[in-house]
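Asker: give me coordinates for this.
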Amino acid sequence: MLEHITFEKVEEVIRLAEQAHRAPHEIAADPQRGGPSGDHGVTVPDTPLEPQPSRDWGTAFGRYLGDLSDQALAELIGLYRYGHGDAASIDDAVDGALHDRTPHAAKLTFLSSQADLAQSLRRALNQV
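Answerer: Coordinates of the predicted model:
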């Protein structure tokens, strides 16, 4: 099923997406992860070391997605589509996304523009 992204990375995408949606302009440049921005957002202290810190959560989320490989982004898109209800099975959704020749930038735009990204990814993970 997932070969190019770990479940832990998907959980990190979910946390960053939630924080970016809640407060995209809130300060994220907190190397201690518990200073001015509090304990929200990144909850695993060692992950990701990059692209953090970023000035704000919207930028941090975009940079984190941008640092993922094309295959990892495709698997995220497959998980999103499955969790969103656009695919009958998770394997079909992931395989379809992996075989799609969409450019890296278009994958980033798609994922970052989905207001329900975190909820759909969480739904997909809960069904795995």
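Asker: for the rest of this, base every contact and every neighbour count on C-alpha atoms.
Answerer: Noted.
Asker: which elements pack onto the worst-scoring helix or strand of the chain on mean pLDDT?
Answerer: Lowest mean confidence among the helices and strands of the chain (mean pLDDT, DSSP states H and E): helix 57-67, at a mean of 88. Judged by 3 or more C-alpha pairs under 8 Å, 6 or more residues apart in numbering; DSSP states H and E, helix 57-67 is in contact with helix 7-22, helix 104-112.
Asker: mind listing residues that contact the helix or strand following that helix?
Answerer: Sequence-wise, the next helix or strand downstream of helix 57-67 (DSSP states H and E) is helix 70-84. Applying C-alpha atoms under 8 Å, 6 or more residues apart in numbering, the contact partners of helix 70-84 are 2, 4-5, 10, 65, 87-90, 93-98, 100, 104, 107-108, 111, 117, 119-125.
Asker: switch the cut-off to 6 Å
Answerer: Outside helix 70-84, the residues within contact range by C-alpha atoms under 6 Å, 6 or more residues apart in numbering are 4, 5, 90, 93, 94, 97, 98, 104, 120, 121, 123, 124.
Asker: in helices only, show me those residues.
Answerer: 90, 93, 94, 97, 98, 104, 120, 121, 123, 124 (DSSP state H).
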